[in-house]
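Asks: fold the following and give me the result.
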Amino acid sequence: MRPLRFVALGDSLTEGVGDPVGDTWRGWAALLADGLASAEAAAEFTNLAVSGAQTRDVLERQTPQGLALRPDVVSVVIGVNDTLRCTFDIHAVAARLDKVYAAFRAEGTVLLTACLPDPGSMLRLPGALARPLARRQRAVNAVVHALSERYGAVHLHAAEGGWITDRAMWSADRLHPGERGHRQLALHFHALLAEAGVATGPTPSPEPDFAAPTRTANLWWLATAGTAWVARRCTDLLPQLLTLAAAEVRHKARGTSARLDLSASHAVASALAALSVTEQQPDAA
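Replies: Just a heads-up that it's a prediction; the model follows:
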């Protein structure tokens, strides 16, 4: 029997940012791959995730590469970077994810997905700035959750649980897990895959291999690479985010904040309904 093939798609979270090993990143997907090995051979693991990737990148670039590798298991964990762009459109996000999930499931590939915490709360932004980002991430999570059910994915609710507020789980930038956090993601995915009869290798250890970075090292990272990373992700969002924050303040003053949540819920429902209509259309003659 050939080794199990595991391909990971996504952004910096799956690339492994926050879990350095030497001069490279490791991350939860690489840790999980060790637990997908069989008694005969190690799993074949390919990480196609790229820092900064959005759902468009996963659909147009990573998915064709991933399909060519004919994986047995594929992880698609993506969406946070979409929420940090002024072009955010939940309809487009839903349509892209639907195509990605469908492409791999059509090949019989086991699909791994996850809901993620919102970046605003992780960065501890002021409420008026954090709430629009939280609303966007909830919309993405709702779409991921619904499509995961539709395609029978192995789905991890990573947007919930004590790990989110446990500072020891996170790296200096508060957006990416540290080694402990990456190990928790690998551990939880492994448990779900073991329950499904897919993971037969050793359970990933929750204990880190390396000492946590010192406060000085964290501050240095934030002052150099970390600040640059955040700036690259958020530059085009800032003007729009300020506009969204102003709307938050106005609605809160009027007592109509619920309208913003309702509008976001309607957008998610509309996006999913549009996918259902497309699927039900008969093929052209």
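
Asks: only C-alpha atoms from now on, for both contacts and neighbour counts.
Replies: Will do.

Asks: and the helix or strand hosting Ala134, what other elements does it pack with?
Replies: If you go by DSSP states H and E, Ala134 is part of helix 127-150. Helix 127-150 is packed against helix 80-83, helix 90-105, strand 110-115, helix 119-122, strand 154-157, helix 238-254, helix 258-280, with contacts defined by 3 or more C-alpha pairs under 8 Å, 6 or more residues apart in numbering; DSSP states H and E.

Asks: ok, now with 6 Å
Replies: Helix 127-150 sits against helix 238-254, with contacts defined as 3 or more C-alpha pairs under 6 Å, 6 or more residues apart in numbering; DSSP states H and E.

Asks: which parts of the helix it packs on are buried?
Replies: Of the residues in helix 238-254, Leu238, Leu241, Leu244, Ala245, Ala247, Glu248, Val249 count as buried by neighbour count, 16 or more other C-alpha atoms under 10 Å.

Asks: and what of stretch 75-94?
Replies: Burial within stretch 75-94, assessed by neighbour count using 16+ other C-alpha under 10 Å, is assigned to 75-85, 89-91, 93-94.

Asks: can you check stretch 196-207 too?
Replies: Along stretch 196-207, these residues count as buried under the neighbour rule (16+ other C-alpha under 10 Å): Val198, Ala199, Gly201, Thr203, Pro204.

Asks: before we move on, what about stretch 114-130?
Replies: Across stretch 114-130, burial judged by 16+ other C-alpha under 10 Å covers Ala114, Cys115, Leu116, Pro117, Asp118, Pro119, Gly120, Ser121, Met122, Ala128, Leu129, Ala130.

Asks: how distant is that stretch from the center of its chain?
Replies: 14 Å (C-alpha atoms, centre = their mean, to the nearest Å).

Asks: circling back: now do the helix holding Ala134, average pLDDT.
Replies: Over the span of helix 127-150, the pLDDT mean works out to 92.

Asks: sorry, back to before: can I get the buried residues of helix 238-254 in a markdown table including pLDDT and distance to Thr63?
Replies: Listed next are the buried residues of helix 238-254 as a markdown table, based on pLDDT from 0 to 100; distance: C-alpha to C-alpha, whole Å:
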| residue | pLDDT | distance to Thr63 |
| --- | --- | --- |
| Leu238 | 65 | 30 |
| Leu241 | 71 | 30 |
| Leu244 | 77 | 33 |
| Ala245 | 77 | 35 |
| Ala247 | 81 | 37 |
| Glu248 | 80 | 37 |
| Val249 | 82 | 40 |
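
Asks: still on that earlier bit, check the offset of the helix holding Ala134 from the chain's centre.
Replies: Mean C-alpha position of helix 127-150 versus that of the full chain (C-alpha atoms, centre = their mean) differs by 11 Å.

Asks: Val110 - nearest residue in space that isn't next to it in sequence?
Replies: If the residues on either side of it in the chain are set aside, Val110 comes closest to Val73, at 4.6 Å by C-alpha to C-alpha, 6 or more residues apart in numbering.

Asks: what's the answer for Leu31, then?
Replies: Ala186 is the one closest to Leu31 (C-alpha to C-alpha, 6+ apart), at 6.0 Å.

Asks: can you check Val143 too?
Replies: Nearest non-adjacent residue to Val143, counting by C-alpha to C-alpha, 6+ apart: Ala94, 6.2 Å away.

Asks: how near is that neighbour to Ala139?
Replies: Noted for Ala94: a distance of 10 Å to Ala139, by C-alpha to C-alpha, to the nearest Å.

Asks: and for Gln54?
Replies: Gln54 sits 15 Å away from Ala139, going by C-alpha to C-alpha.

Asks: one more: Leu116?
Replies: Applying C-alpha to C-alpha, one obtains 11 Å for the distance of Leu116 from Ala139.
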